[in-house]
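Participant: take a look and give me a structure for this.
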Amino acid sequence: MPRLFTAIEIPEEVGDTLALLRGGISGARWIDPEFYHVTLRFMGDVDDALARDIAQMLGQVRRRAFDMVLDGLDQFGGHKPRAVIASVKANPALLELQAEQERIMQRLGLAPERAYRPHVTLARLRDASTRQVADYLAMRGLYRSMPFHVPRFVLYSSRDSVGGGPYVVEAAYPLS
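Facilitator: Residues are numbered from 1 along each chain as shown. This next block holds a predicted model:
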């Protein structure tokens, strides 16, 4: 049973700048740069028939390619930080692409996802000190990537693991 999600790949040159931000938080599990991505829609564990339907329906998406920028670092988890992320600058084209995929997945019977907040996960945290995370963000939080072009989105599969890969591109869908 594959575990599926759609995402936008992060170009190597942007990933290299994100990789320079690694370190400085005790116990953080830093994501390997080759696994950086912006998730569009997580489908989870699905059977093979549904996986085929998902891949086929995604092939009907017709959107234009667009540019994107990562703008600032943040964390998920509030008073108990669980991840350090790079935020995506507001981008209507990205939100429209994600919303279309959300509608497709609901038509296929998947439950709605929670509110969408586009980001790249840089590290997963376990028992990280709130102070350490705050200090890290104070030092590196103003990160901003160069603009990069998004010519496609991909359907990834992953193993049930602690996160951060490995991911396999099952299908790629060009944006016109």
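Participant: tell me the pLDDT at the closest residue to Leu122 other than its chain neighbours?
Facilitator: Among residues not flanking Leu122 along the chain, Val84 sits closest, at 4.8 Å (C-beta to C-beta, 6 or more residues apart in numbering). In short, each C-beta sits where N, CA and C put it, glycine included. Note for Val84: predicted pLDDT of 98.
Participant: hmm, Val84 is touching Gln132, no?
Facilitator: No. Between Val84 and Gln132 there is no contact, the gap being 10.5 Å when judged by C-beta atoms under 8 Å.
Participant: Phe66 and Arg152 touch, don't they?
Facilitator: No. Assessed by C-beta under 8 Å, Phe66 is found out of contact with Arg152, at 11.1 Å.
Participant: when these two are compared, which one has more neighbours?
Facilitator: Shown here are Phe66 and Arg152; by other C-beta atoms under 10 Å, Phe66 has more neighbours (16 against 13).
Participant: could you check the pLDDT of the more buried one?
Facilitator: Phe66 carries a pLDDT score of 98 in this model.
Participant: contacting residues for it?
Facilitator: Contacts for Phe66 (C-beta atoms under 8 Å, 6 or more residues apart in numbering) come out as 91, 93-94, 149-150, 175.
Participant: need the residues you listed in CSV (columns: pLDDT and neighbour count).
Facilitator: Compiled in CSV, the contacts of Phe66 are given as follows (pLDDT from 0 to 100; neighbours: other C-beta atoms under 10 Å):
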residue, pLDDT, neighbour count
Asn91, 97, 18
Ala93, 98, 15
Leu94, 98, 22
His149, 98, 10
Val150, 98, 21
Leu175, 98, 17
